[in-house]
Every structure is written in structure tokens, then in C-alpha cells.
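1. predicted model follows, preceded by the sequence.
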Amino acid sequence: MKNLLFIFLSVFSFNLIAQEQNKTDLVVKQLVVYFNSDQYNELYNQLSPDFQKQQTNQSITAFYQKKLKQPLGNIKAWKYNRTQDGLAVYVINFEHGIQELKIVLSAESKIDGMLWAPQKAWKDPGTIKTNNPKQTGVQLYVDSLALAYLKDPGNSSLTIGLVTGNGTETFFYGETKKGTEKLPDSRSLYEIASISKTFTGIMLANAVRNHKIELNGEIRKYLPGPATYANLQFKGEPIKIVHLSNHTSRLPSLPADFEKQPQYDPANPYLHYTRGMAYQYLSTFKPDTVPGFTASYSNLGFGILGLILENSYQMPLEKLLQQVITGPLKMTNTHYDLTENQRVLLTTGYNTANGAAVGYWDLVDFKAAGGLKSDLHDMLIYLKANMDAKNPDFAFSQQQTNQQHGFSRGLAWIIEPVKNDTLTWHNGGTAGFRSFCGFTKNIKKGVVVLSNSNTDVDDIARKLLAYQN
């Protein structure tokens with residue numbers, strides 16, 4: 001049967017927090033009752049006001065009747081399966097087929113978005129390659145999490161590093177490229193995306209300690225032609241360097257003209273957006289409230305921070321990275337831009353939704369926000385250096401600079417209370433990759449998870465950090 005696709009995600013983003021299962025269970029339970037009794041008006045009333053603005057009652061009724069009821073019959077059973085990228089995923093058993101329903105709710109427990117599609121043909125876990133000896137409790141637990149992730153045919157590989165008081169363990173699963181049966185290893189490269197921001201935070205800490213940049217200095221002081229940016233303030237309160245580092249600058253995630261750039265390519269969106277264009281955008285931007293209080297995740301803010309670092313040191317960010325972090329730590333495989341020899345180590349990224357290979361992202365002048373590629377060998381060195389606060393730059397980057405509800409931020413790092421401990425972490429995602437790097441302060445446990453598909457790995461990382469033998 002032809003795939004069914006029905007999706008209107010009015011508020012969906014990768015930063016969505018997973019819905020509480022009991023709330024979505026209630027909504028799905030009621031959806032089943034309305035569907036089986038042909039109460040299509042009630043199905044429409046389950047949608048949020050924003051969703052209803054996008055679709056009429058008639059279009060929703062037509063979808064449920066013609067795309068689901070006629071070919072598949074009534075719903076016989078349903079079951080929660082998992083949470084993926086902030087959406088609750090349910091397996092729905094009809095009389096004549098099985099569908100997956102991905103759903104996200106509004107704060108009022110109305111449906112803000114949903115996706116219906118035939119259930120995937122899951123991979124046989126026995127066919128998934130791994131180096132895991134599966135002997136100890138933690139090894140068996142890693143195996144259960146990895147196989148649950150990789151049985152989805154859209155996912156390709158997982159690379160996991162776990163640091164505890166007992167030492168370091170590394171686990172490799174799947175394929176660096178589908179169809180090759182090539183297991184990843186410690187030198188397989190992944191796009192680590194926004195984990196790059198923590199490297200930028202450490203370079204900022206170095207600049208502050210060396211009096212190159214004032215953490216509480218106005219950003220316009222460090223931009224070319226400072227007078228051009230007189231508007232970068234709200235009622236006399238300017239945007240400061242620290243605001244860029246903790247996402248309280250009020251700058252948007254991306255410039256408003258981002259998709260209007262010449263030669264814009266959604267498959268490689270940052271490639272042609274230059275620093276000149278970013279500076280031009282800043283000259284027209286005005287904050288909507290006092291900077292420093294309300295957090296709003298901004299890739300633009302970190303892109304600008306990278307440019308300010310380059311301006312202050314008068315050197316390319318790659319050279320500064322080597323000088324401050326990768327050189328001293330002997331991280332030889334972590335770079336913004338790769339040589340041809342290094343590119344052969346890159347795993348192939350995949351879009352989980354359709355299983356198709358996707359291209360890499362070239363962040364160019366936004367590289368400070370998410371441009372790094374790295375491998376498990378280097379990322380474990382980096383993780384341990386942060387766990388040990390190896391030098392003052394690492395320690396400084398982890399100091400709280402802003403408090404939000406339920407978490408705080410240092411210089412990029414997210415600092416979160418968890419069960420009598422503190423979790424310091426960051427994640428990342430591009431078109432075909434997901435990553436996580438984090439550690440607990442008291443228990444001294446750390447984890448790195450790298451994937452070459454765009455299915456979130458945060459849940460795996462958090463479960464490993466919480467696992468107790």
C-alpha cells in the first residue's frame with residue numbers, strides 16, 4: 001500500500017521536550033474511540049487552534065475516512081512505542097494493517113502535529129554488527145539501548161564511549177555507510193554539530209582570561225565599525241558577549257534573511273551565508289526585550305561569537321582551536337574543515353524518516369555554532385578534560401552565567417540538576433547526524449554518543465548516565 005503521510009507540525013522543533021506519556025496516552029485513547037465511532041467532528045476538535053488554522057474540518061474528515069478508515073478499517077489495538085525527536089510514537093493496529101502515529105501536544109493537551117505512516121520493517125537485531133562482548137551488566141544494557149535504536153531501518157550506526165570510575169569502555173554498532181557492513185571504530189568521523197558550541201565557550205574563556213575579550217563587554221565593541229550597531233541594545237541595555245554564550249542575547253536562531261541568501265541550498269543551508277551578510281543583518285536588528293534574561297537558542301549568536309574571537313585574536317578559528325584545545329590535548333582528528341584524506345573517514349549521514357543518505361553541512365562563517373567533525377577517540381579526550389576541569393579555561397566555561405527554569409548555562413554548556421547530582425552536557429544535530437557529550441559532577445560519570453542518522457540520541461545518553469550496576 002502506498003505510504004500515508006499527514007503532517008502539520010505548527011510548533012515542532014528539535015528543541016521540543018518529549019511529551020509526558022500519560023498525556024499522549026489519553027489523547028490517543030480518545031482518538032481511537034472517535035475514529036472507530038466515526039465521530040470526525042470530535043477528531044477535528046482534538047487539534048490545537050494553530051493546527052485548525054492550517055486544516056479545515058472537511059480536510060481532516062477526508063483524511064481519516066479515505067486514507068485510514070477505507071483501506072485499513074477500524075483500530076483494533078494501540079501501544080506507545082518510543083519518543084523520537086520530541087514526538088511520542090505509537091503503533092496502531094488496524095483491521096487490515098499497522099501504522100505508526102507520531103504525535104506532539106500543545107500545553108493544553110491538544111494535538112499540535114501528527115504523522116501517520118506504515119510501520120517500518122524493523123531490522124533483525126541479530127544482523128546488527130557490534131564489538132560489544134555483552135558480558136557485564138552495563139555491556140548488556142548498552143546493547144539493549146543500541147539495538148532498540150538501530151532496529152529502525154532509517155538509522156545506520158552508533159558509537160558510544162562511557163567513562164566511569166572503573167575506566168573507559170567503547171562500543172561500536174552498525175555501519176558507517178549502509179550496505180558496506182563496515183563497523184565504525186574510534187577514528188570514524190561524525191558531524192558533532194552544536195557540541196561545537198562548547199569548544200567555542202572554552203575558546204571564549206581563554207580570551208577572557210587573556211584579556212582579549214571582556215565577558216561583560218558590549219558585542220558592538222568587537223564588531224567592525226562599532227557605530228554601525230547602535231541598535232544592538234534595548235532601552236540602553238546592550239547585548240553583551242556573555243549573552244551570546246548563554247543564548248540570552250535575543251538574537252534569533254538564524255537571521256531573518258537566511259533563506260533569502262543567494263544560492264541558498266536547504267541541503268547545505270549555511271554554505272553561502274557570509275560574515276558580511278551577518279554583519280549587515282546585525283546592523284538592522286534590534287532586541288525585543290532586555291538582553292540577559294530570556295533564553296532563546298541562537299545559532300546566529302554563536303556564529304557571531306566565533307567571528308568576534310577571530311577578530312580579537314586576528315587568526316582563523318581553526319588555528320585558535322588548535323592553539324587552545326586540540327593541540328594541547330593532542331586531538332588530531334577534530335576539525336572544522338577536513339582534508340581529502342580526513343574526509344574518507346567521515347561516516348555517511350542519513351535522514352531517518354526515509355532512510356536516504358544526506359549531504360554534509362559546511363558552516364563556513366557559522367562554524368563556531370556547529371561546524372566541527374570529530375571521532376570517539378578525540379571526544380573521549382575532550383570529555384575527560386572537561387570532567388577533570390583540566391585547566392582554567394575548561395573550569396571557567398562550566399561556571400554558571402544564567403539561570404533558567406530547571407537548568408542553567410555556562411559558556412555554552414547546559415548545567416542541569418539530576419538526582420542529587422549535576423549534569424553538564426550539550427547535544428548536536430545536523431541533517432544526518434546526532435551527538436551528545438555530558439558528565440555528572442559528583443559521580444564522575446561521562447558519556448559520548450555519536451550517530452550518523454538524525455534520530456535523537458539524548459535518551460540513550462541519559463539512560464547510560466543514570467544506569468547503576
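-> Looks like it arrived, so ask away.
2. any idea which element the residue lying closest to residue 93 once chain neighbours are set aside lies in?
-> Once flanking residues are discounted, residue 93 sits nearest to residue 77: 4.3 Å by CB to CB, 6 or more residues apart in numbering. Just so you know, the C-beta spots here come from the backbone N, C-alpha and C atoms, and that holds for glycine as well. Using DSSP states H and E, residue 77 maps to strand 75-84.
3. name every strand pairing with that strand and say which way it goes.
-> Take DSSP bridges as the rule and strand 75-84 pairs in its sheet with strand 87-94 (antiparallel).
4. now the partner strand: mean pLDDT?
-> Throughout strand 87-94, pLDDT has a mean value of 92.
5. from the middle of its chain, how far away would the helix or strand following that strand be?
-> Scanning forward in sequence from strand 87-94 by DSSP H and E, the next helix or strand is strand 97-105. Relative to its parent chain, strand 97-105 has a centroid offset of 22 Å by CA atoms, centre = their mean, to the nearest Å.
6. for residue 423, phi and psi?
-> Recorded main-chain torsions at residue 423 are phi -100, psi 120, according to degrees, to the nearest 10.
7. before we move on, what about the one 4 residues further on?
-> According to degrees, to the nearest 10, the main-chain angles of residue 427 amount to phi -120, psi -180.
8. what distance do you get for it to residue 370?
-> Note on residue 427: its distance to residue 370, by CB to CB, to the nearest Å, is 11 Å.
9. for those two, indicate the residue with more neighbours.
-> residue 370 (24 against 21; other CB atoms under 10 Å).
10. residue 200 is in contact with that one, correct?
-> No: counting by CB atoms under 8 Å, residue 370 does not reach residue 200; the two are 9.5 Å apart.
11. show me the shaky parts of the stretch 151-300 of the chain.
-> For the stretch 151-300 of the chain, applying pLDDT under 70 flags no range at all.
12. in stretch 181-188, what counts as buried?
-> Buried residues in stretch 181-188, counted by 16 or more other CB atoms under 10 Å: 183-184, 188.
13. may I see the residues you listed organised as a markdown table, with distance to residue 230 added?
-> Below are the buried residues of stretch 181-188 laid out as a markdown table (distance: CB to CB, whole Å):
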| residue | distance to residue 230 |
| --- | --- |
| 183 | 56 |
| 184 | 50 |
| 188 | 48 |
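14. circling back: show me how far the strand holding residue 77 is from its chain's centre.
-> Its chain's C-alpha centre and that of strand 75-84 lie 24 Å apart, by CA atoms, centre = their mean.
15. then stretch 56-65?
-> In terms of CA atoms, centre = their mean, the centre of stretch 56-65 is found 33 Å from the chain centre.
16. buried residues, it. List them.
-> 60, 63-64.
17. pop the domain breakdown of this structure in here.
-> 21-118, 190-214+315-466 (automatic domain parsing).
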